[in-house]
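Student: Need a 3D model of the following:
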Amino acid sequence: MGERKRISSGSPYEGRIGFSRAIVVDSRVVVSGTAPVWPDGSCDPDAYVQARRCLEIIEQALTEAGTSLTDVVRTRMFLTDADDADAVGRAHGEVFGDTRPAATMVVVKALLDPRWKVEIEAEAQA
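Tutor: The predicted structure follows:
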C-alpha cells in the first residue's frame, strides 16, 4: 500500500472521533460519510438540499485529492426516512447521471445529528 495523504474539511468531529474527510492512497480516494452541514453549523431541513450539500463537500475533498466527481466509482447514501429516497436520488442523479457509479441507498434509524436526513460517502479511482 502506498503512502497516505489525509484531507481535512475542518469538521470538529474529525479530531474528536479521529477521522479524515478523505484519504488518498495511490490512485484511490475514499471520502468519509459526509453530513449536510454549512460552515456556520446550520443544516437545511430539506432532504434534496441536504444531499446537494453533502455532494458539494465531497466534491471539495475530491478536488483537494486531485480527482473529481467523474472519478467516483462508488457512493453510499444513508437516509433516516425512506420517503426522502426520491429527493436524495434526484440530487445524486444530477451529479452522477453520466458517471453512474455503483451506489447503495440504505435507510438507517438515525444519524449523529437529528437534523441530518442524509449522509453520503464516496470512493474515487483516478
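
Student: which residue ranges form the helices in the protein?
Tutor: For the chain, the helices defined by DSSP state H occupy 12-13, 47-64, 85-96.

Student: which residues sit against the lowest-mean-pLDDT helix or strand in the chain?
Tutor: Of all helical and strand segments in the chain, the minimum by mean pLDDT, DSSP states H and E falls on helix 12-13, at a mean of 78. Contacts with helix 12-13, where a contact means C-beta atoms under 8 Å, 6 or more residues apart in numbering, come from F19, L112. (Each C-beta comes from the backbone N, C-alpha and C, glycine too.)

Student: Go through the helices of the chain and name the closest to V30.
Tutor: Closest approach to V30 among these is made by helix 47-64 (9.8 Å; C-beta to C-beta).

Student: Taking their axis directions, the closest one and helix 85-96 sit at what angle?
Tutor: Following axes from the mean of the first three to the mean of the last three C-alpha atoms, to 10 degrees, one obtains 30 degrees for the angle between helix 47-64 and helix 85-96.

Student: Who are the packing partners of helix 47-64?
Tutor: The contact analysis (3 or more C-beta pairs under 8 Å, 6 or more residues apart in numbering; DSSP states H and E) places helix 47-64 against strand 22-25, strand 28-34, strand 72-79, helix 85-96, strand 118-125.

Student: quick one: contacts for the closest residue to F78 other than its chain neighbours?
Tutor: Setting aside the residues directly before and after it, F78 is nearest to E119 in space (C-beta to C-beta, 6 or more residues apart in numbering), at 4.6 Å. E119 sits next to G33, T34, A35, P36, C54, M77, F78, L111 when contact means C-beta under 8 Å, 6+ apart.
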